[in-house]
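> Build me a structure from this.
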Amino acid sequence: MGKLDEVYRRSMEDPDGFWAEQAEAIDWDRKWDKVRDDSGAPHFYRWFTGGKLNTCHNCLDRHVAAGRGDQTAIIHDSPITGTKRSLTYAQMLDRTARAAGMLKAMGVGLGDRVIIYMPVIPEAAIAMLACARIGAVHSVVFGGFAANELAKRIDDSGAVAILSASCGLEPGRTIEYQPIVEKALTLSKGTVKSIAVVARDQAPWTLKEGRDVDWTQALEAATPTECVSVEATDPLYILYTSGTTGMPKGVVRDNGGHAVALKFSMKAVYDIEPGEVFWTASDVGWAVGHSYTVYGPLLHGATSLMFEGKPVGTPDAGVFWRVIEEHGVVTLFTAPTAFRAIKKEDPKGDFIGKYDISTLRALFLAGERCDPDTLHWAEDMLGVPVIDHWWQTESGWPMAANPLGIEKLPVKAGSPTRPVPGYDVRILDSRLNEMPRGEMGAICVKLPMPPSCLPTLWQADDRFISSYLVDYPGYYKTGDAGYMDEDGYIYVMGRTDDVINVAGHRLSTGAMEEILAAHPDVAECAVVGVADPLKGQLPLGLLVLKAGVDRPDAEIAAEVVKAVRDEIGAVAAFKTAIVVKRLPKTRSGKILRRSIAGLAEGQAVEPPATIDDPLILDEIKDVMAGSGVRK
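Take a look at the predicted model:
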């Protein structure tokens, strides 16, 4: 039995003892009465009930008290503005305590909700920690999100204040935030009473008397505020994720379980030591940015790198390697789509040779399925372990991973490896029977979920139950489909609605995408199921080619069609692939497959609120029309 087997078995057989042991790494104001409270079963479980603590204290105060105040806590690198700055733990503590004082002066108190609407700047992390410091509940909304979506989040949370910046920056454009915020306020129910604004040089914000304060001036005038002790089960934040009804789901994260699980994961999964530089290339508006740009690294005493830029275009496909060299990054965590973008622009890795990236020990990928071709390319180019891992906004930390800090397991391309300690993952059919190894089914987690996973949705217990717990009683429904091999490795092949039905055959679009991605001219791809009156659904492939490819599109499309027929068979009925310039994605890099399918079916597709660039849909619609795909 290996080390991971031992740790995992303990987490399954003695979860109370296991998590109590991990909780000793966190400072508590009062110890818990129960490690795992199942009094609300079968649907509601709580961790560390009766315990009291403060998350901000655990991120900042305790490190300063331990004599590590001069260590760098945050490095901010913005190739868009050409600026870099660093903040020590002592500086972060001072600014966060003052920001907490500013919030109190704005009328924010224990349990109040605060919207944070900022780009990737240190003030976003300070805003989150300041809310945690006084027991307010923050809800970060991706900077630049549309006004109507922002208004929905204001109303659902009942936010009393907004912490914003004057603008966000994209390559070649500035997104002014005030017009968006003002419109959102006119659409909302009027709960917001005050706004604090970080003024940036690239765009103005006209302060409204009696409502708005300048962040810098307010911090200077504020009285530093001490931490407020909160219940372990009190909410730390609400993070909204897309809902099928059009109303976003407010995922709740508690204080105690969140702190314990994230502290555990920093060493167990990512193998990070306090003081090392950990870079998560994510926006703070996503779960990844919450867990592994802000809270995880700071709970662990590491240095977190905040990056305001893109993997390509700011200025080129070598920016990641420049950042790693300059700041001594030991681990990079990003989405597979970032590496597909780099591979497309620099397929031979010429930029990598221009920089010394010898500090890099590992690359972690998550956010969507990592195709084997991208994984192998990254392995070959970087010469370090490339670790695909799997988790969700709802879980808040990895559900399956190759846990480098416990035991490095052999990498299997296409798999995020095995369940992380704490997660009892099963592959089920619709009758709750476990699927034989190697056979597709619904990926579920046996209840209770481990610490940090959502205890419920914000003010929506019934929706929480109906969304996640009804279809597979006794289990959390991840919404993902896949299988488990003989070694216990999980293969996440796509969302359950990405398993398409072709003439009665259930086929994985993820398996087809693997074949397309392996073509030497393809940088990235997507396969979707399109409604067909004869066969129910037919697969459609979209291809983005690598830079410098000079061959007819039809020739490449014919080759990938043949490859799918050769490897999966005629049963796949894969006959159509089209070449497009780019794929529609969310701002976190997930491909909008449902929108692609809708376009192919001739539907009027509204750009989702999370889309990175709505113009992409028009581009794809035109290509589909020209190729005869669009109905």
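
> and the helix or strand bottoming out on mean pLDDT in the chain, which strands flank it?
Lowest by mean pLDDT, DSSP states H and E among the helices and strands of the chain is strand 505-508, with a mean of 73. According to DSSP bridges, strand 505-508 forms sheet pairs with strand 499-502 (antiparallel).

> Go through the partner strand and flag the buried ones.
The neighbour-count check on strand 499-502 (16 or more other Cβ atoms under 10 Å) flags V499, I500, V502 as buried. C-beta here means a position set from N, CA and C on the backbone, and glycine is covered the same way.

> Also stretch 406-426?
Buried residues in stretch 406-426 (16+ other Cβ under 10 Å): 406, 408-409, 411-412, 414-426.

> Just the element for the most centrally placed residue in the chain, please.
Closest to where the C-alpha atoms of the chain average out (Cα atoms, centre = their mean) is V288, at 3.5 Å. Secondary structure assignment for V288, by DSSP states H and E: helix 287-289.

> contact partners of the biggest helix by length in the chain?
Using DSSP state H to define each element, the chain has its longest helix at helix 89-105. If you take Cβ atoms under 8 Å, 6 or more residues apart in numbering as the criterion, helix 89-105 is touched by 56, 60-61, 63-64, 68-74, 87, 114, 122, 125-127, 129-131, 133-134, 136, 161, 196, 213, 215, 218-220, 222-226, 298, 301.

> Just the strands from the stretch 351-500 of the chain, written as ranges.
362-365, 386-388, 400-401, 418-419, 425-428, 441-446, 475-484, 490-495, 499-502 (DSSP state E, counting those that start in this stretch).

> distance between the ends of stretch 137-156?
In stretch 137-156, first residue to last residue: 13 Å (Cα to Cα, to the nearest Å).

> Just say helix, strand or coil for the residue lying closest to E513 once chain neighbours are set aside.
Closest residue in space to E513, ignoring its immediate chain neighbours: V527 at 5.0 Å, by Cβ to Cβ, 6 or more residues apart in numbering. Assigned with DSSP: H, G, I helix; E, B strand; the rest coil, V527 falls in the strand class.

> what bridges to L305?
Beta-bridge pairing for L305 (DSSP bridges): I75, W279.

> now the angle from the host helix or strand of A124 to helix 89-105?
Assigned by DSSP H and E, A124 belongs to helix 122-134. Per axes from the mean of the first three to the mean of the last three Cα atoms, to 10 degrees, the angle that helix 122-134 makes with helix 89-105 is 70 degrees.

> Might you report the residue contacts of the residue nearest to E513?
V527 neighbours (Cβ under 8 Å, 6+ apart): T509, G510, M512, E513, L516, P539, L540, G541, L542, F574.

> The fifth one - nearest residue in space that isn't next to it in sequence?
With Cβ to Cβ, 6+ apart as the criterion, L516 has its nearest non-adjacent residue at 4.1 Å, and that residue is C525.

> and that neighbour, how far is that from T49?
47 Å (Cβ to Cβ, to the nearest Å).

> quick one, which of those two is more surrounded?
Neighbours were counted for C525 and for T49 using other Cβ atoms under 10 Å; C525 has more, 27 against 17.

> tell me the pLDDT at the more buried one?
For C525, the model assigns a pLDDT of 94.

> Show me the beta-bridge partners of it.
Beta-bridge partners of C525, as defined by DSSP bridges: L543.

> My understanding was that it contacts P539; is that so?
No: here C525 does not reach P539: they are 11.5 Å apart, not a contact under Cβ atoms under 8 Å.

> which of the residues in stretch 449-465 are buried?
449-458, 460, 463-464.

> Next, give phi and psi for A531.
phi -60, psi 140 (degrees, to the nearest 10).

> What residues does it make contact with?
Per Cβ under 8 Å, 6+ apart, neighbours of A531: Q537, A597, E601.

> Going by neighbour count, which of these comes out on top?
Neighbour counts for the contacts of A531 peak at A597, which has 22 neighbours (criterion: other Cβ under 10 Å).

> host element of it?
Judged by DSSP H and E, A597 forms part of helix 593-600.

> Can you give me the neighbour number for G67?
8.

> what do you get for S39?
Neighbour count of S39, defined by other Cβ under 10 Å: 9.

> May I have the strands that pair with the helix or strand harbouring it, each with its orientation?
S39 belongs to strand 34-40 when elements are defined using DSSP H and E. Here strand 34-40 is paired, per DSSP bridges, with strand 44-49 (antiparallel).

> next one: phi and psi at P385?
phi -60, psi 130.

> one step back: so the residue nearest to the centre of the chain makes contact with S588?
Yes: between V288 and S588 there is a contact at 7.2 Å, judged by Cβ under 8 Å.

> intersection of neighbour lists for those two?
Counting by Cβ under 8 Å, 6+ apart, the residues touching both V288 and S588 are S282, G367.

> Past the host helix or strand of E559, which element shows up next along the chain?
In this assignment (DSSP H and E), E559 forms part of helix 553-567. Later in the chain than helix 553-567, the nearest helix or strand by DSSP H and E is strand 576-579.

> Tell me how the protein divides into domains.
Domain assignment for the chain by automatic domain parsing gives 3-309+389-482, 503-627.

> Of these, which stretch is the most buried?
Of all the domains of the chain, domain 3-309+389-482 carries the top mean neighbour count, a mean of 20, counting by mean count of other Cβ atoms under 10 Å.

> what about that one, start to end distance?
By Cα to Cα, one end of domain 3-309+389-482 lies 26 Å from the other end.

> quick check, L219 in a helix?
Yes: assessed with three-state DSSP, L219 lies in a helix.

> L239: what's it in contact with?
So L239 contacts S139, V140, G250, V251, R253, A287, H290, T393 (Cβ under 8 Å, 6+ apart).

> hmm, back to that, report the separation between the residue nearest to L516 and L583.
8 Å.

> my read: V197 touches W205, true?
Yes: taking contacts as Cβ under 8 Å, V197 lies within contact range of W205: 4.8 Å.

> Give me the common contacts of the two.
Common neighbours of V197 and W205 (Cβ under 8 Å, 6+ apart) are S164, S166, D212.

> Take the contacts of A531 and write them to JSON lines, including pLDDT and distance to R36.
What follows is the contacts of A531, written out as JSON lines (pLDDT from 0 to 100; distance: Cβ to Cβ, whole Å):
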{"residue": "Q537", "pLDDT": "88", "distance to R36": "43"}
{"residue": "A597", "pLDDT": "92", "distance to R36": "41"}
{"residue": "E601", "pLDDT": "93", "distance to R36": "46"}
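
> For my notes, please list those residues in TSV and give distance to E325 for each entry.
Shown next, in TSV, are the contacts of A531 (distance: Cβ to Cβ, whole Å):
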residue	distance to E325
Q537	47
A597	42
E601	47
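
> Let me know the closest of these to P315.
Comparing the contacts of A531 against P315 with Cβ to Cβ picks out A597 as the nearest, at 35.3 Å.

> Tell me the spacing between the closest one and T337.
19 Å.

> R95 too?
33 Å.

> next one: M440
Using Cβ to Cβ, one gets 24 Å for the distance from M440 to T337.

> Which strand or helix spans the residue of the chain most remote from its centre?
Largest separation from the mean C-alpha position in the chain: L534, at 38.3 Å (Cα atoms, centre = their mean). For L534, there is no helix or strand it lies in under DSSP H and E.

> nearest residue to it other than its sequence neighbours?
Nearest to L534 is A503, by Cβ to Cβ, 6+ apart, at 7.9 Å.

> same question, L409
Per Cβ to Cβ, 6+ apart, closest to L409 is N402, 5.2 Å.

> for the one you found, what are its contacts?
N402 neighbours (Cβ under 8 Å, 6+ apart): P385, I387, D388, H389, K408, L409, V411, P416, T417, R418.

> before we move on, what about I490?
W390, A400, S415, P416, T417, R418, P419, V425, I443, G482, Y483, M484.

> again with I443
V425, R426, I427, T478, D480, A481, G482, I490, V492.

> Make TSV out of the residues you listed and add pLDDT and distance to M624.
Formatted as TSV, the contacts of I443 follow (pLDDT from 0 to 100; distance: Cβ to Cβ, whole Å):
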residue	pLDDT	distance to M624
V425	98	38
R426	98	39
I427	97	35
T478	96	31
D480	92	28
A481	91	26
G482	93	29
I490	98	34
V492	92	28
